[in-house]
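Engineer: Predicted model, plus sequence, below.
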Amino acid sequence: MAMTHRSRIWASTMRGHEAQSQVCAHSDTVASIRTDRPMLREERERIERETLGLGAALAAGAGHRALPEEPDPYRTCFERDRDRIVHSTAFRRLAGKTQVVVYPLDHQRTRLTHALEVAQVATAIARGVGANATLADAIALGHDCGHGPGGHASEDAFDPYIPGGFHHGPWGADVALRHLNLCSETLDGIRNHSWSQPAPGTVEGEIVSWADRIAYCAHDLEDAMRAGIVTPADVPDQVARRCGSSRSQQLRVFISAVVDSTNLTGVVGMDAETADILAQLRQFNYDRIYMRPESVAQSDAVIDVLRALVDYLAGHPELIPSSAEHILDALPTVDQALWRAVAYVAGMTDRFAFEQAHALLGYDLARIPAGIGRGM
């Protein structure tokens, strides 16, 4: 195949362009910057100490990590955590994991896009109250890395195998992301972001707990509207009057409420009136979206498939690839074969899990509800 004009242009940029004593990305570069000194990590830490509010988490050196490390010359410890999470396999696989709809269509959220939206909400709140936006960003991006395929149904699927039950927050912090050697503040926020878990130990962790709920209440409703499950007219009157029926309106109201209430009281939270509206929106989503018959059937199918995979792989540990060892090393020695199977299946994307069920167990893909099987 002959090179196209576009290919020749692309190839001509292989090395870049000579400009004075260096190579630049563009031949006509005009942008420049002057500084008296490089922006080293210590300078960034100083800015945090001088500008963040009392009680905000402050970056310090290499951070509080299980395994000591040398500090980075340019990045704070929380900036390094954020970068490690973004480049991790667990984070990348969120692109193939369910938020609400399994195998979503083009416009529907995945766990990855959900994490990005939680990070946007969390950093907006953190900046508004003088908290550490970088730490809030890192926690938000990593908060769902412990989720299995098929959304929250995976937690129900794995519950019988894990003493005390399977919880995606602790699993993310203590198993899926353990090998990254993240700071204790980041891990604490990920571990305890769910409202059913103990309170996080930092202001930033509390912010992510609110950001998670605000984000999914707004964007799950938007996805349901796009899918024709509900309409704007279905939104409860009190919710529509207070914060509208669109995602942008709702985010504006709920983010502002957390910022204003936190600045007023010093405790991360929301005024009672707006919190009640958020609760009504969440209840509406629960009744009309999460618990509708199609969603329940979807969850039941996920549970059946994931448990069958765990049971089979626990008896055939040789099928678990060595590439999963960085996760498996985090598991206890008790019931090692079973825990290894859970860890491997929990890391799967939706599609890979059902493909494995078909390949290993002969699972009939025709049994999968339309919301899951679409596109297979």
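Structural biologist: Structure's in. What do you need?
Engineer: switch to C-alpha atoms for all contacts and neighbour counts from now on
Structural biologist: OK.
Engineer: Could you list the low-pLDDT ranges of the chain?
Structural biologist: 1, 101-107, 323-335, 368-376 (pLDDT under 70).
Engineer: And the residue nearest the centre of it?
Structural biologist: By Cα atoms, centre = their mean, the mean C-alpha position of the chain lies nearest to A115, the distance being 3.3 Å.
Engineer: Need the three-state assignment for the nearest residue to that residue once chain neighbours are set aside.
Structural biologist: Distances taken as Cα to Cα, 6 or more residues apart in numbering place L141 nearest to A115, at 5.1 Å, with adjacent residues excluded. Classification of L141 by DSSP: H, G, I helix; E, B strand; the rest coil places it in helix.
Engineer: do you know how far L141 is from A353?
Structural biologist: 23 Å (Cα to Cα, to the nearest Å).
Engineer: now K97
Structural biologist: 10 Å.
Engineer: Quick check: neighbours shared by those two?
Structural biologist: P149 (Cα atoms under 8 Å, 6 or more residues apart in numbering).
Engineer: Of the two, give the one with the bigger neighbour count.
Structural biologist: Between K97 and A353, K97 has the larger neighbour count (other Cα atoms under 10 Å), namely 27 against 21.
Engineer: list the contacts for that one?
Structural biologist: Listed by Cα under 8 Å, 6+ apart, the contact set of K97 reads Y103, T110, R111, L112, G148, P149, G150, G151, T349, D350.
Engineer: Tell me which of these fall in helices.
Structural biologist: R111, L112, D350 (DSSP state H).
Engineer: Please, where are all the helices along the stretch 251-376 of the chain?
Structural biologist: Assigned by DSSP state H, counting those that start in this stretch, the stretch 251-376 of the chain shows helices spanning 272-285, 293-315, 325-328, 336-346, 350-361, 370-373.
Engineer: May I see the buried residues of the second one?
Structural biologist: Read it as helix 293-315. 295, 297-303, 305-310, 312-314 (16 or more other Cα atoms under 10 Å).
Engineer: And stretch 43-52, by the same measure?
Structural biologist: For stretch 43-52, by 16+ other Cα under 10 Å, it's E45, E48, R49, L52.
Engineer: ditto for stretch 15-25
Structural biologist: Using 16+ other Cα under 10 Å as the test for burial, stretch 15-25 gives H17.
Engineer: now that stretch, how far from the centre of its chain.
Structural biologist: Distance of stretch 15-25 from the chain centroid (Cα atoms, centre = their mean, to the nearest Å) equals 38 Å.
Engineer: For it, C-alpha coordinates in CSV please.
Structural biologist: Only the C-alpha atoms of stretch 15-25 are listed here, as CSV (Å, rounded to 0.1, in the frame of the first residue of the first chain):
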residue,chain,number,x,y,z
ARG,A,15,12.1,13.6,15.1
GLY,A,16,10.5,17.0,15.5
HIS,A,17,11.9,20.4,14.4
GLU,A,18,15.3,22.0,15.1
ALA,A,19,14.9,25.3,16.9
GLN,A,20,18.1,27.0,18.2
SER,A,21,19.7,24.4,20.6
GLN,A,22,16.7,22.0,21.0
VAL,A,23,14.0,20.1,19.2
CYS,A,24,10.5,21.4,19.2
ALA,A,25,7.1,19.8,18.3
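Engineer: Touching it from outside, list them.
Structural biologist: Here stretch 15-25 makes contact (Cα under 8 Å, 6+ apart) with T13, H26, S27.
Engineer: contacting residues around the closest residue to E185 other than its chain neighbours?
Structural biologist: Of all residues beyond its chain neighbours, the one nearest E185 is T202 (7.0 Å), with distances taken as Cα to Cα, 6+ apart. By Cα under 8 Å, 6+ apart, T202 lies in contact with A56, A57, E185, G189.
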